[in-house]
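Okay, predicted coordinates and the sequence, questions at the end:
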Amino acid sequence: MNKKGKIVLGILGAAAAGAVIGLLIAPDKGSGLRKKIAKAANDFACDLTDMVMSNRDKLSHAKDQIVKEAKGLKSDAETRFGRVKESFS
């Protein structure tokens, strides 16, 4: 995971922890508190899933570009090798 991803994950984790702590110290009934915690946890999970899926798409795109570039380099190397080989014949 890159530095930017770690920072985002840290911020999301801190926000979730802050929300849970805020709910725990708020004067609420147990059932209301559990609902609020469940909602906060669900929101956090959705945000985390969105971040992972976004990075997965970026990684897949980068992989496709690398493969395309590698194929082009291979083709170029084969062409150059062929020229060098012909020059020695």
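Perfect, I can see it now.

what about stretch 41-55, average pLDDT?
When pLDDT is averaged over stretch 41-55, the result is 82.

can you list contacts of it?
If you take Cβ atoms under 8 Å, 6 or more residues apart in numbering as the criterion, stretch 41-55 is touched by 5, 8, 9, 12, 15, 16, 19, 20. (Each C-beta comes from the backbone N, C-alpha and C, glycine too.)

go again using 10 Å as the cut-off
1-2, 4-5, 8-9, 12-13, 15-17, 19-20 (Cβ atoms under 10 Å, 6 or more residues apart in numbering).

what mean pLDDT does the helix or strand hosting residue 14 have?
Taking DSSP states H and E as the definition, residue 14 sits inside helix 3-25. For helix 3-25, mean pLDDT rounds to 77.

Could you do stretch 78-89 as well?
86.

so which strand or helix has the residue nearest the centre of the chain?
Residue closest to the mean C-alpha point of the chain, counted by Cα atoms, centre = their mean, is residue 55 at 3.0 Å. Residue 55 belongs to helix 30-88 when assigned by DSSP H and E.

which one among the contacts of stretch 41-55 gets closest to residue 78?
Proximity of those to residue 78 (Cβ to Cβ) peaks at residue 2, which lies at 33.9 Å.

That closest one: how many residues sit nearby?
Residue 2: 8 surrounding residues under other Cβ atoms under 10 Å.
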